[in-house]
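> next one to model:
(one chain, ligands or ions: 2)
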Amino acid sequence: MISPSIRKKFNSLQTQQDVCILGIETSCDETAAAVVKNGRVMLSNVISSQIALHRKFGGVVPEVASRNHTLAINTVVDEALAAARIKPQDVHAIAVTYGAGLAGALLVGVSYAKAAAYALNIPLIKVNHIEAHVAANYIAFEDLKPPFIALAASGGHTQIIQVNGYNDYRVLGGTADDAIGEAFDKAARLLGLPYPGGPEVDRLAREGKPVINFFKNTKPAVQKDLRLSYSGLKTALVNYLNTAKMKGEPFSAADVCASFTAAAVDNLAETVLYAARQHNLTDIALAGGVASNTYLRQKMLTRAQEEGLRVFIPPPVLCTDNAAMVAARAYYSIIDNTHLAALDLNAQSRLNNGF
Ligand code: KG4
Ligand code: ZN
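Ligands and ions are numbered 1, 2, ... in the order given. The predicted structure is shown next:
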């Protein structure tokens with residue numbers, strides 16, 4: 001149950017001139033807190049990464065992630081408030097990612113946010129992680145407004161979304177199997193590169209050439225049904241590496257990375273551009289960790305320019321998990337009077353609205 005006084009406070013934020021939101025994000029392996037004013041102005045953005053802890057396991061260990069969120073959350077929030085030069089009692093609302101993500105990891109942020117909202121007697125706003133990734137663009141680009149096409153490309157998602165309004169998201173298509181970030185991480189593991197694999201593959205790809213064709217049959221340049229797939233590419237890489245090993249043939253890891261990246265990205269980029277044209281939209285916003293990929297960024301910029309479309313790509317720190325995007329997303333919930341959460345808010349590892 002939401003108390004009438006909290007609901008009143010939430011409603012009053014609609015007409016308030018400056019709204020400062022404290023965002024909290026713990027869905028995977030980053031403990032993050034940030035303060036954002038009016039959905040656009042980032043006053044602080046603190047991220048405590050657990051990468052070093054998970055590296056020795058070759059991937060995120062959910063229990064380790066939850067435990068370390070618990071250890072880090074107090075300090076991270078204190079740092080975010082201090083860096084924003086704002087006192088807890090001057091925060092107008094608390095926003096928290098409640099899904100999708102690792103249940104135990106999400107619960108740390110959700111529990112903290114509930115306690116803080118209760119203690120400060122301010123509204124708690126629940127945030128969908130993928131919508132938050134998209135909202136990172138509002139911080140990076142002052143003039144970006146819906147409608148636009150968003151590509152959410154992360155470790156768990158690859159989706160082409162029609163953003164019709166700040167609270168109106170329609171999933172047009174996406175992967176039928178693995179997420180693109182997952183594919184990058186698997187490729188890295190097969191090549192013996194450390195976790196997280198995406199940035200490692202990116203780094204090596206810049207030194208190589210896309211000379212290897214992983215597919216016997218050429219794929220169409222565009223997936224007109226907007227259905228993407230990465231499991232076939234992963235299998236092709238496994239086969240390529242096994243054959244090289246069996247024959248004792250040397251291969252260039254840099255060329256493998258460049259070829260894998262081109263195979264994963266070219267089709268995706270063309271499909272996103274196609275979706276924009278199909279829906280008569282001229283703006284495309286990239287979101288999620290994979291949006292920090294050098295080749296994807298370059299490809300989208302070049303191709304969009306050729307097609308007369310505009311592409312928005314946040315700086316890498318706003319593409320990977322952070323809490324500024326969570327606070328930005330929540331600001332737009334206030335405008336449409338949605339996502340106000342009660343103190344029985346639970347974490348949800350999957351959300352059933354297509355994200
Ligand atoms: O959005 P994110 O930080 O967390 C999730 O919501 O999943 O995305 C993480 C994913 C990982 O799979 C990581 O390997 C990938 O994004 N990634 C990259 C790059 N940086 C992060 N993939 C390719 N190139 C990069 N530069
Ligand atoms: Zn994410």
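> residue 88 contacts residue 120, correct?
Yes: the pair residue 88 / residue 120 is scored as a contact, 6.0 Å apart, by CB atoms under 8 Å. Using the backbone N, CA and C atoms, a C-beta is placed for each residue, glycine as well.
> quick one: the helix or strand harbouring residue 31 to chain centroid distance?
Using DSSP states H and E, residue 31 maps to strand 30-37. Relative to the chain's own centre, strand 30-37 is displaced by 14 Å; criterion: CA atoms, centre = their mean, to the nearest Å.
> now do whichever helix or strand comes after that strand against strand 30-37: the angle between them, please.
Next along the chain after strand 30-37, taking DSSP H and E as the criterion, comes strand 41-49. On the basis of axes from the mean of the first three to the mean of the last three CA atoms, to 10 degrees, strand 41-49 is oriented at 170 degrees to strand 30-37.
> list the buried residues of strand 41-49.
For strand 41-49, burial by neighbour count (16 or more other CB atoms under 10 Å) applies to 42-49.
> likewise stretch 56-74?
So, applying 16+ other CB under 10 Å, buried residues of stretch 56-74: 60-61, 64-70, 72-73.
> give me the subset of these that also touch ligand 1.
Residues of the buried residues of stretch 56-74 in contact with ligand 1 (CB under 6 Å from any ligand atom): none.
> most widely separated two among the residues you listed?
Spanning the widest gap among these are 61 and 73, at 18.0 Å by CB to CB.
> residue 228: how many residues sit nearby?
Neighbour count for residue 228, taken as other CB atoms under 10 Å: 23.
> for residue 87, which non-adjacent residue is spatially closest?
Closest residue to residue 87 apart from its sequence neighbours, by CB to CB, 6 or more residues apart in numbering: residue 81 at 7.2 Å.
> on that earlier part again, which one of residue 88 and residue 120 has more residues nearby?
A direct count of neighbours by other CB under 10 Å for residue 88 and residue 120 places residue 120 higher, at 17 against 14.
> surely the more buried one is in contact with residue 91?
Yes: assessed by CB under 8 Å, residue 120 is found in contact with residue 91 at 6.6 Å.
> run through the residues that contact the closest residue to ligand 2 within the stretch 251-355 of the chain.
Here the stretch 251-355 of the chain gets closest to ligand 2 at one residue, residue 321, 4.4 Å apart by CB to the ion. When contacts are counted by CB atoms under 8 Å, 6 or more residues apart in numbering, residue 321 touches 25, 27-30, 32, 47, 289.
> low-confidence ranges, the chain, go.
Counting by pLDDT under 70, the chain has low-confidence residues at 216-218, 353-355.
> biggest helix in it by residues?
Ranked by number of residues, the top helix in the chain under DSSP state H is helix 253-278.
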